[in-house]
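A.B. asks: Give the three-dimensional model of this entry:
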Amino acid sequence: MNSKKRIAILGDGSWGTTLAILFSGKGHEVFLWGVFPDYIQSLKRSRENTKFLPQFEIPEAVNITDDVKEATLGADIVVVATPSQFTRKVLSGFKALDFSNCAIVSVVKGVENKTLKRISEIIKEELNSNKICTLSGPTIALEIARGAPASAVVASEDSKLVAEVQNAFITDRFRIYTSSDIIGVELGGSLKNIIAIAAGISDGLGFGTNAKAALFTRGLVEIKRLGVAMGAKEETFNGLSGIGDLMTTCTSPYSRNRHVGEEVAKGKELTEIIQQTEQIAEGVYTTESAYELAKKHNVEMPITEQVYKVLFENKNPLEAVIELMTRQKKEE
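C.D. replies: So this is what the prediction gives:
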């Protein structure tokens with residue numbers, strides 16, 4: 001089996017760009033695609049993603065393009081790295097392309113609003129492919145771009161598919177595990193962003209580590225509740241895409257979702273925070289989806305409910321905390 005692959009990355013954000021740098025360093029033929037031609041031309045000239053990953057050189061070996069046919073023609077692996085709420089719109093324009101002979105890897109962390117679909121479900125609908133897997137875990141792009149060690153998990157019910165992706169992606173600084181639980185891996189990577197917003201609110205209110213630890217542990221409980229109700233394996237959430245990603249996103253100074261919560265706690269309007277942030281905080285949109293999923297599956301998710309009310313109903317963050325703390329007494 002040829003260990004060198006032709007890899008197309010759809011999405012030129014921080015994560016897509018980081019993966020392009022990582023994969024090119026392994027000798028793969030890499031194409032980085034972006035939707036905006038003017039910005040793609042800027043990337044070609046500067047070899048630096050100043051919006052999303054500044055101060056990191058994109059190697060000349062990475063082919064940067066706004067032509068999706070050029071990027072995906074003959075690809076062994078196609079990586080979907082678009083923002084969750086735009087993934088369907090982007091992929092719907094690719095229906096004329098043939099993805100039947102390549103593995104499709106979602107690295108998107110989110111749940112679509114209104115349809116409440118996971119990203120792998122959207123990919124299947126829009127690209128008519130069954131060779132789909134999801135890669136998730138504690139993967140802050142900036143840390144991986146600078147060569148810090150990290151681990152992630154790739155999930156699919158197709159054992160051959162995840163083995164192929166594992167072999168293609170793994171490096172001496174980026175360790176990849178496999179899982180058959182794609183539902184759990186997708187939901188773990190998506191729902192943890194809601195708890196990270198709550199952790200940011202806690203930080204913004206100056207509550208300290210005790211409060212954050214409580215949010216962390218009780219947040220994991222409600223993530224598991226919804227995940228199991230949707231068909232995931234509970235033990236998946238004890239791994240990299242669950243507790244691992246949750247820990248990183250709740251504590252990292254680079255976490256966009258934690259930052260959103262912190263700014264909300266300081267009194268800023270959500271619209272203002274979003275406008276001032278170049279990169280998308282997926283947890284804002286996932287909060288809407290998770291709030292609806294909890295109702296749909298009759299699952300108790302008190303932290304998610306309070307985050308939803310703070311973000312979308314202008315509830316005072318301190319009142320939300322008090323309501324969480326004074327809920328009916330119960331066993332752990």
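
A.B. asks: Could you measure from the residue nearest to Lys315 when sequence neighbours are not counted over to Glu263?
C.D. replies: In this structure, Lys315 finds its nearest non-sequential neighbour in Lys309, 4.0 Å apart by CB to CB, 6 or more residues apart in numbering. In this view, the C-beta of every residue, glycine as well, is placed from N, C-alpha and C. According to CB to CB, to the nearest Å, Lys309 and Glu263 sit 17 Å apart.

A.B. asks: Of the two, which one has the most company?
C.D. replies: Regarding Lys309 and Glu263, a neighbour count based on other CB atoms under 10 Å identifies Glu263 as having more, with 21 against 18.

A.B. asks: Assign Gln166 to helix, strand or coil.
C.D. replies: State at Gln166, reduced to three classes by DSSP: H, G, I helix; E, B strand; the rest coil: helix.

A.B. asks: so how far is Ile123 from it?
C.D. replies: From Gln166 to Ile123 the distance is 19 Å (CB to CB).

A.B. asks: How is this structure divided into domains?
C.D. replies: The chain breaks down into these domains under automatic domain parsing: 6-180, 183-325.

A.B. asks: Reformat these as JSON lines; add distance to Glu332.
C.D. replies: Shown next, in JSON lines, are those (distance: least, CB to CB, whole Å):
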{"stretch": "domain 6-180", "distance to Glu332": "25"}
{"stretch": "domain 183-325", "distance to Glu332": "9"}
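
A.B. asks: Same list (those domains) but as TSV, adding distance to Glu331 and mean pLDDT.
C.D. replies: As requested, the domains of the chain are exported to TSV (distance: least, CB to CB, whole Å; pLDDT from 0 to 100):
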stretch	distance to Glu331	mean pLDDT
domain 6-180	30	97
domain 183-325	12	96
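
A.B. asks: which ones are touching Tyr285?
C.D. replies: Neighbour list for Tyr285: 84-85, 110-111, 113 [criterion: CB atoms under 8 Å, 6 or more residues apart in numbering].

A.B. asks: which one of those is nearest Ala196?
C.D. replies: Gly110 (12.9 Å; CB to CB).

A.B. asks: any residues touching stretch 13-27, and which ones?
C.D. replies: 4, 7, 9-10, 30, 32, 49, 52-53, 56, 58-59, 61-62, 79, 81-83, 107, 139, 141-142, 144-145, 168-169, 171, 174, 279-280.

A.B. asks: mind listing the strands for the stretch 101-250 of the chain?
C.D. replies: Ranges of strands in the stretch 101-250 of the chain, per DSSP state E, counting those that start in this stretch, are 103-106, 132-136, 150-155, 174-179.

A.B. asks: who's in contact with the shortest one?
C.D. replies: Here strand 103-106 makes contact (CB under 8 Å, 6+ apart) with 76-80, 119-120, 123, 127, 129, 131-135, 154, 161, 164-165, 186.

A.B. asks: Also stretch 301-308?
C.D. replies: 191, 194-195, 197-198, 201, 215, 218-219, 222, 225-226, 261, 287-288, 290-291, 294, 315, 320-321, 323-324, 327.

A.B. asks: Gln166 and Ile123: which is more packed in?
C.D. replies: Ile123 (26 against 18).

A.B. asks: count of neighbours near the closest residue to the more buried one other than its chain neighbours?
C.D. replies: In this structure, Ile123 finds its nearest non-sequential neighbour in Ile132, 5.3 Å apart by CB to CB, 6+ apart. For Ile132, the count of nearby residues is 24 (other CB under 10 Å).

A.B. asks: And Val154, by the same measure?
C.D. replies: Val154 has 29 nearby residues by other CB under 10 Å.

A.B. asks: Now do it against Gly208, distance only.
C.D. replies: 36 Å.

A.B. asks: now Leu161
C.D. replies: 44 Å.

A.B. asks: okay, the two: which has more neighbours?
C.D. replies: Remark: of Leu161 and Gly208, Leu161 carries more neighbours, 20 against 10, as counted by other CB under 10 Å.

A.B. asks: quick one: contacts for Ala71?
C.D. replies: 8-10, 31-33, 63, 65.
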